[in-house]
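1. need a 3D model of the sequence below.
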Amino acid sequence: MSLSRAIARPLLAAAFVTGAAGALKNSSALAEKAEPVTEKLVPLVRRAVPQFPSDPTLLVRVNAGVQLAAALGLATGKAPRCSAAVLAATMVPTTWAGYPFWKADSPAAKKEAQMGFTKNVSLVGGLIIAAGDTDGAPGVAWRTKKAASDASKGAKSAARSAKREVKSAKRAAKAEAKLAAKSLPGA
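-> Residues are numbered from 1 along each chain as shown. Below is the predicted model of the structure:
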């Protein structure tokens, strides 16, 4: 791992460790902010997962736990790409519930919420970069293209080989036919 990754990943994860710890401590207060979001999201999720919980406090705690686990994975380099992707996904409801600047009553509250919203969107940008960072190794997209290219080359080579075999078989059949024709009586 490069030095920049060794420094950047824990720094990026630090925001989530502290945020998740705070959310676990203050889950009841945050549940009030999350309730308008959970009221909209839970019915959608329940279509796919009927046993999905609807209690906003529990959902805040689960989100915080997921963020904490993923942040530790990112910071320690254990599945950093997956951890970054999970963190980015958890930021959508967190940002929507935490910083609804479009509902702010005063210009000061709106500005504060916009700053928090922008900060979270910026964190998501960093997480997207971290989720796509292959640490210098080929990524899934490259490996898929390479496998397809290799398969295509192999198929083309097999087709050329088959054509050569068919031509060779035709020549052999013609030669045998001539030989057989010469050996027939009266020829």
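2. look up phi and psi at residue 106.
-> Reported as degrees, to the nearest 10, the phi and psi values for residue 106 are phi -120, psi 160.
3. what is the neighbour count of it?
-> Neighbourhood size, residue 106 [other CB atoms under 10 Å]: 8. Every C-beta, even on glycine, is put in place using the N, C-alpha and C of the backbone.
4. would you map out the domains in this protein?
-> 3-137, 142-187 (automatic domain parsing).
5. redo the ones you listed as CSV? Include mean pLDDT.
-> Compiled in CSV, the domains of the chain are given as follows (pLDDT from 0 to 100):
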stretch, mean pLDDT
domain 3-137, 92
domain 142-187, 84
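6. most tightly surrounded among those?
-> domain 3-137 (a mean of 16; mean count of other CB atoms under 10 Å).
7. end-to-end on that one?
-> Chord length of domain 3-137, first to last residue, is 16 Å (CA to CA, to the nearest Å).
8. how far is that domain from where the chain is centred?
-> The chain centroid and the centroid of domain 3-137 are separated by 16 Å under CA atoms, centre = their mean, to the nearest Å.
9. give me the spatial nearest neighbour of the residue most central in space within the chain, chain neighbours excluded.
-> What sits nearest the mean C-alpha location of the chain, by CA atoms, centre = their mean, is residue 85, with 5.5 Å. Excluding the flanking residues, the one nearest residue 85 by CB to CB, 6 or more residues apart in numbering is residue 131, at 4.2 Å.
10. now do the contacts for the one you found.
-> Residues in contact with residue 131 (CB atoms under 8 Å, 6 or more residues apart in numbering) are 81, 82, 84, 85, 88.
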